[in-house]
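[1] With the input below, show me the fold.
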Amino acid sequence: MKVIKKTKEPRTIDILRREMDQFFDDLVPFSWSRDNGGRAIGTWTPNADITEDEKEYLIHLDIPGMEKNDIKINFQDGRVTITGEREFEERDEKKDYIRQERYYGSFYRSFKLPEKVKEEKIQATFKNGVLKVVIPKAEVVKPKVIKVN
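    So this is what the prediction gives:
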């Protein structure tokens, strides 16, 4: 049994799906699009856990087999975006693959946060294949009450 390599060109419907997912992601906090498992456009989507307490948001992203220099994190307009690329391992062409489940290539995860955060205080660490992103919440400014005379 031979593994057949498919082209990585996105189909028009996959591009439309990705754009629609992004549109709806903006409406729902902590939403993300998985782009049909990432297979349709040559990407993979690592699994993530997101937690929250009164002080911060915490994102854990499983990305084994990567180096920290291959990971990029951006924050803009209330959305944290994590991207990277896992290099394809050389295969032994003499062997027939019975099953191939590990993903290679680029990945993209984007999360819309529901509240204001302290952008300058965002921290990220990478250990044992797990990326940890700590996003401190901004203090909520209470509205000023004006007394009517």
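
[2] so residue 62 bridges to which residues?
    With DSSP bridges as the criterion, residue 62 is bridged to residue 130.

[3] OK, contacts around it?
    46-48, 129-130 (C-beta atoms under 8 Å, 6 or more residues apart in numbering). The way it works is simple: take the backbone N, C-alpha and C, and place the C-beta from them, glycine included.

[4] same deal with residue 134?
    56-58, 122-124.

[5] For the protein, just list every one of the helices.
    Taking DSSP state H as the criterion, the chain carries its helices at 12-25.

[6] Strands - which of the contacts of residue 134 land there?
    The members of the contacts of residue 134 that map onto strands under DSSP state E are 56-58, 123-124.

[7] ok, and the most crowded of these?
    Neighbour counts for the ones in strands among the contacts of residue 134, by other C-beta atoms under 10 Å, peak at residue 57, which reaches 21 neighbours.

[8] Not counting residues beside it along the chain, what's closest to it?
    Once flanking residues are discounted, residue 57 sits nearest to residue 135: 4.3 Å by C-beta to C-beta, 6 or more residues apart in numbering.

[9] Any figure for the gap between that neighbour and residue 52?
    9 Å (C-beta to C-beta, to the nearest Å).

[10] Could you do residue 13 as well?
    In this view, residue 13 and residue 52 are 34 Å apart by C-beta to C-beta.

[11] Which of those two has more residues huddled nearby?
    Between residue 13 and residue 52, residue 52 has the larger neighbour count (other C-beta under 10 Å), namely 15 against 10.

[12] Please consider this matter closed, and thank you.
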